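**Student:** how would this look folded up:
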Amino acid sequence: MSDNDWPVLPHLPLEKLSPRVWRVEGSLASGPLKRVMTVAKMAGDRLVIHNGIALEESAMKDLEALGQVAFLVVPNAFHRLDAPRFAKRYPDAKVLCPPGARKKVEAVVRVDGTYADFPSDPHVSFEVLDGAGGGEGVMIVKDEDGATLVFNDAIFNMPHQPGVGGFFLKHLTSSSGGPRVSRISKLFLVKDKPAFKAHLTRLAETPDLRRIIVSHHETIAGEPGRTLREVAAAV
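**Tutor:** Numbering: from 1, shown residues only. Down below sits the predicted model:
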């Protein structure tokens with residue numbers, strides 16, 4: 001692909017978190033917000049790319065060396081920036097999204113199904129979050145290291161940021177300052193607060209939970225179950 005077809009914004013290296021989970025953190029064109037791509041390995045060395053970020057070609061080759069890119073997951077109606085590029089690069093991969101996001105995702109990229117169409121696999125599964133109008137879900141990855149939960153905008157884990165952008169994120173959207181459901185998510189994502197809280201609380205009891213990856217900023221690795229219960233209680 002040409003640089004015009006595959007524009008790359010600054011990003012960190014591909015980071016291995018467990019035998020079946022990798023993470024990449026990248027920048028956006030403006031502002032302090034960071035975005036995160038997660039790669040999960042299914043049985044048969046098939047890969048799931050959650051919230052794809054266009055990487056430098058050497059990093060893409062490292063990713064492709066992990067296995068066959070089989071599924072491209074667009075995790076909500078707004079995380080679509082690089083989805084068309086990934087779909088073009090991997091025409092045989094299935095593009096999935098939450099059911100409530102399908103109409104908006106289809107406006108920019110083909111969609112082959114929703115989370116309900118993800119096949120049964122011993123290592124990777126998806127759930128649509130209760131109380132979120134079908135607009136968001138969670139990817140669950142299990143391997144010998146334990147369990148990993150991968151959220152999108154339902155949960156943020158961002159330290160306070162400098163400058164005008166940081167002021168906006170802290171005081172207006174309440175997105176920064178550690179693990180939380182942001183004010184924006186409470187207003188526009190959460191449709192049924194008790195159902196949403198209950199689902200987060202159930203996920204907090206995931207056996208052998210090792211980490212929670214979010215699509216903006218830092219992984220929650222210290223006592224992830226307790227942290228998720230606290231986040232749910234504060235919704």
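**Student:** In the chain, what residue spans correspond to strands?
**Tutor:** Counting by DSSP state E, the chain has strands at residues 15-18, 21-27, 34-41, 46-50, 68-73, 94-97, 113-114, 124-128, 137-143, 146-150, 156-158, 178-180, 209-213.
**Student:** Could you pull up the mean pLDDT of the last one?
**Tutor:** It refers to strand 209-213. Strand 209-213 comes out with an average pLDDT of 98.
**Student:** so how far is that strand from its chain's centroid?
**Tutor:** The chain centroid and the centroid of strand 209-213 are separated by 12 Å under Cα atoms, centre = their mean, to the nearest Å.
**Student:** Run through who's touching that strand.
**Tutor:** The contact list for strand 209-213 (Cβ atoms under 8 Å, 6 or more residues apart in numbering) reads 17-18, 21, 23, 36, 38, 145-151, 155, 157, 179, 219-221, 224-225, 227-228. Glycine gets a C-beta too; all of them are placed from N, C-alpha and C.
**Student:** Please repeat the previous calculation with a cut-off of 6 Å.
**Tutor:** By Cβ atoms under 6 Å, 6 or more residues apart in numbering, the residues outside strand 209-213 that reach it are 38, 145, 146, 147, 148, 149, 150, 219, 220, 221, 224, 225.
**Student:** could you flag which of the residues you listed are buried?
**Tutor:** Buried residues within those, counting neighbours by 16 or more other Cβ atoms under 10 Å: 38, 146, 147, 148, 149, 150, 219, 220, 224, 225.
**Student:** who's the first one bridged to?
**Tutor:** Yep, that's residue 38 we're talking about. Note on residue 38: beta-bridge partners by DSSP bridges are residue 23, residue 50.
**Student:** so it sits right up against residue 150, yeah?
**Tutor:** Yes: assessed by Cβ atoms under 6 Å, residue 38 is found in contact with residue 150 at 4.9 Å.
**Student:** Common neighbours of the two, please.
**Tutor:** With Cβ under 6 Å, 6+ apart as the test, residue 38 and residue 150 both reach 50, 213.
**Student:** wait, isn't residue 145 in contact with residue 18?
**Tutor:** Yes: between residue 145 and residue 18 there is a contact at 3.7 Å, judged by Cβ under 6 Å.
**Student:** What segments of this protein are helices?
**Tutor:** Using DSSP state H, the helices of the chain run over 57-64, 83-89, 102-106, 163-167, 183-188, 193-204, 224-233.
**Student:** Including distance to residue 45 and mean pLDDT, could those helices go into a markdown table?
**Tutor:** Listed next are the helices of the chain as a markdown table, based on distance: least, Cβ to Cβ, whole Å; pLDDT from 0 to 100:
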| stretch | distance to residue 45 | mean pLDDT |
| --- | --- | --- |
| helix 57-64 | 11 | 97 |
| helix 83-89 | 18 | 97 |
| helix 102-106 | 27 | 98 |
| helix 163-167 | 40 | 89 |
| helix 183-188 | 34 | 92 |
| helix 193-204 | 27 | 98 |
| helix 224-233 | 27 | 98 |
